[in-house]
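Trainee: Below is the structure, and that's it, no one-letter string:
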């Protein structure tokens, strides 16, 4: 059984490494992207069960990526949780995210969102049609 | 439409807050995770990795704090300045060590040059310029010269955009090394010393008025 894949989209390398550590230790598989353009490529390689999405990134920001994702077939069925240091939930609403986690959020809040979206690390890898 | 001073300041503070939140989050998470490890795991590979991540994050916070409050104190003229004769080549070499940019080549065009400046501010200014020039391992060259206008320090390395010295606003690029405010703080420090700091052809140019002096 393949663990669910979580795509983490954040331009901050320390944030990326910390979140990947949290999720991989919990048993998830983690894909990484430094901006929306890379995230679209990662989605094309393997559809994730959940996307953790930063908002302010170079090249392609979070809202632009979310709009592009929604244009793809099945893209609107991939749950997105916004993770942002912005502190302003208004931009997150444009993304139509499942949840908004304001950095520095609690680890358990992140894991709860991941479990809610994927069924937990023990569930089979997501296959969103 | 030009923003009001309050809007500009709010945007700047929003940017600063954003820059603080990422490394703070990293440090907090690492502390939480370390607390969840069994005692014997804390000294193991994962424990050491988490500790290193936390240290790196807090070093980043430290740099941001120093730059942010330097700017704030200079803006309210709350920093006592102590000008003294300082030899520019020695100051650049000391700053290169502090900025951890080994290998900066210092070229002095006209013998040793001294300026009258506050030692702390000059060091902060030069460290920021060297750190920016050495971004992503770029080779750095520093040219110190004298002219009728005064003494100058040109720092060449990674090219700087024309807006690099401006006060950052919300949406400005983040800096994972904690130096997002470095160049803005360097400009504030230069102006407090009576010098000018500008971007000239992608290089930083720090100019002290007067004849530059000689030791």
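Mentor: It's in. Owing to the predicted nature of the structure, the values given are computational and were not obtained by experimental measurement.

Trainee: partner residues bridging residue B:84?
Mentor: Beta-bridge pairing for residue B:84 (DSSP bridges): residue B:117.

Trainee: ok, how many other residues are close to residue B:163?
Mentor: 11 (other C-beta atoms under 10 Å in any protein chain shown). Using the backbone N, CA and C atoms, a C-beta is placed for each residue, glycine as well.

Trainee: Would you verify that residue B:144 is located in a strand?
Mentor: Yes. Under DSSP: H, G, I helix; E, B strand; the rest coil, residue B:144 falls within a strand.

Trainee: Any idea what it is bridged to?
Mentor: For residue B:144, the beta-bridge partners are residue B:108, residue B:153 (DSSP bridges).

Trainee: residues contacting it?
Mentor: B:88-89, B:92, B:106-109, B:113, B:151-154 (C-beta atoms under 8 Å, 6 or more residues apart in numbering or on different chains).

Trainee: From residue B:89, how far off is it?
Mentor: Taking C-beta to C-beta, to the nearest Å as the measure, residue B:144 and residue B:89 are separated by 6 Å.

Trainee: Return the member of the contacts of residue B:144 nearest to residue A:1.
Mentor: Of all the contacts of residue B:144, residue A:1 sits closest to residue B:92, with 59.6 Å by C-beta to C-beta.

Trainee: Could you tell me the phi and psi values at the closest one?
Mentor: Backbone torsions for residue B:92, taken as degrees, to the nearest 10, come to phi -60, psi -40.

Trainee: What are the boundaries of the strands in the chain?
Mentor: Picked chain A for this. A:5-9, A:29-33, A:50-53, A:80-84, A:99-102 (DSSP state E).

Trainee: looking at chain B here, not the other one
Mentor: Using DSSP E, strands in chain B cover B:83-87, B:105-108, B:114-118, B:141-147, B:150-156, B:196-200, B:203-209.

Trainee: For the second one, give the mean pLDDT please.
Mentor: To tie it back to what came earlier, the one meant is strand B:105-108. The average pLDDT within strand B:105-108 is 73.

Trainee: Over to the fourth one?
Mentor: When pLDDT is averaged over strand B:141-147, the result is 89.

Trainee: so how far is that strand off the chain centroid?
Mentor: How far strand B:141-147 lies from its chain's middle: 20 Å, per C-alpha atoms, centre = their mean, to the nearest Å.

Trainee: what angle sits between that strand and strand B:203-209?
Mentor: 30 degrees (axes from the mean of the first three to the mean of the last three C-alpha atoms, to 10 degrees).

Trainee: would you list the strands of chain B in CSV and tack on distance to residue A:6?
Mentor: Converted to CSV, the strands of chain B look like this (distance: least, C-beta to C-beta, whole Å):
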stretch, distance to residue A:6
strand B:83-87, 53
strand B:105-108, 46
strand B:114-118, 50
strand B:141-147, 45
strand B:150-156, 42
strand B:196-200, 41
strand B:203-209, 41
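
Trainee: Need the pLDDT of residue B:98.
Mentor: 80.

Trainee: residues near it, how many?
Mentor: 13.

Trainee: cool, and residue A:66?
Mentor: 26.

Trainee: List the residues that contact it.
Mentor: Residue A:66 touches A:53, A:80, A:94-97, counting by C-beta under 8 Å, 6+ apart.

Trainee: Could you rerun that using 10 Å?
Mentor: Taking C-beta atoms under 10 Å, 6 or more residues apart in numbering or on different chains as the criterion, residue A:66 is in contact with A:9, A:36, A:39, A:51, A:53, A:55, A:75-76, A:78, A:80, A:82, A:92, A:94-97.

Trainee: Tell me the one of those nearest residue B:201?
Mentor: Using C-beta to C-beta, those come closest to residue B:201 at residue A:36, 32.7 Å.

Trainee: looking at it, the closest one is touching residue A:59, isn't it?
Mentor: Yes. At 6.9 Å, residue A:36 counts as touching residue A:59 under the criterion of C-beta atoms under 10 Å.

Trainee: ok, the two, which is more surrounded?
Mentor: residue A:36 (25 against 12).

Trainee: Look at that one and report its pLDDT.
Mentor: pLDDT at residue A:36 comes out at 96.

Trainee: Count the neighbours of residue B:133 for me.
Mentor: Counted by other C-beta under 10 Å, the residues lying close to residue B:133 total 24.

Trainee: Spatially, what comes nearest to it if we skip its sequence neighbours?
Mentor: residue B:157 (2.8 Å; C-beta to C-beta, 6 or more residues apart in numbering or on different chains).

Trainee: In contact with the one you found, which residues?
Mentor: B:101, B:104, B:129-142, B:202-204.

Trainee: circling back to that earlier point, tell me which of the contacts of residue A:66 is nearest to chain B?
Mentor: The closest of the contacts of residue A:66 to chain B turns out to be residue A:55 (C-beta to the nearest C-beta; 9.9 Å).
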